[in-house]
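With the sequence up front, the predicted model follows.
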Amino acid sequence: MTKRRENKDRWDKYCIEYVKDFNRARAYKAAKYQTSSDESARNAATRLMCKNVYVQDKIKDLLAKQEKTAVKTAAEIIEELENIGFEGKKDSDKIRALELLGKRYKLFPTNISGDLDVTVTNLADIAALMRGK
C-alpha cells in the first residue's frame, strides 16, 4: 500500500470516528495514530483538521449525510406517532403518542415569557412567588 493511500485510509477513519461524538483525541487514537497522551492526540488532531483540506471536506460530507439521515428518521418517527395517536388501539398508547406530538409541535408551552413588574427583596419573597401567593 502506498503512503498516500495509507494516509487517506487513516484520514477517512479519523473523520468517521470524529463525527460519532466530536472527540478529537478519541478519533485520532481510533485512526491508529501513535500518541503519548490525550493532550498530544488532541493537539495533533487539531493540526490535522486545520491543515488538511481533505479531512475538512470529508467531515463536512459525513455531517451532511448524517443530517439527511436524521431528518428522514425524525420524519418517520413523527409519522409513526401520528399513526399511533390517531389510529392506535390502546388509549394509553394514543395519549402518549399525542403528548409527544404536542411537544414536538410546541402545542403545550412550558415557559411563559413576558414582562413582570416584581421586586424581590429576600428569599421569602421568592418562595411566595413560586407558591403563587
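It's in.

Quick check, central residue of this structure?
The chain has residue 21 as the residue nearest its centroid, 8.8 Å off, counting by CA atoms, centre = their mean.

which regions of this protein lie under the pLDDT threshold?
Within the chain, the stretches with pLDDT under 70 are 1, 72, 109-130, 132-133.

Which parts of it are strands?
Using DSSP state E, the chain contains no strands.

out of all of them, which helix in it is the longest?
In the chain, assigned by DSSP state H, the helix with the most residues is helix 53-87.

So which bits of it are buried?
Applying a neighbour-count criterion of 16 or more other CB atoms under 10 Å, one finds 55, 58, 59, 62, 81, 84, 85 buried in helix 53-87. All C-beta spots, glycine's among them, are computed from the backbone N, C-alpha and C.

Stretch 34-45 now?
If you call a residue buried by 16+ other CB under 10 Å, then stretch 34-45 has these buried ones: 41, 42, 44, 45.

Export that stretch to CSV, keeping only CA atoms.
In CSV, the C-alpha atoms belonging to stretch 34-45 read as follows (Å, rounded to 0.1, in the frame of the first residue of the first chain):
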residue,chain,number,x,y,z
GLN,A,34,0.5,6.8,17.8
THR,A,35,0.4,9.4,20.6
SER,A,36,1.8,9.6,24.1
SER,A,37,-1.2,11.2,25.8
ASP,A,38,-4.7,12.5,25.2
GLU,A,39,-3.4,16.0,25.1
SER,A,40,-0.9,15.2,22.3
ALA,A,41,-3.7,13.4,20.4
ARG,A,42,-5.9,16.4,20.8
ASN,A,43,-3.2,18.7,19.6
ALA,A,44,-2.3,16.5,16.6
ALA,A,45,-5.9,16.1,15.7
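
Having no further points to raise, I will conclude here.
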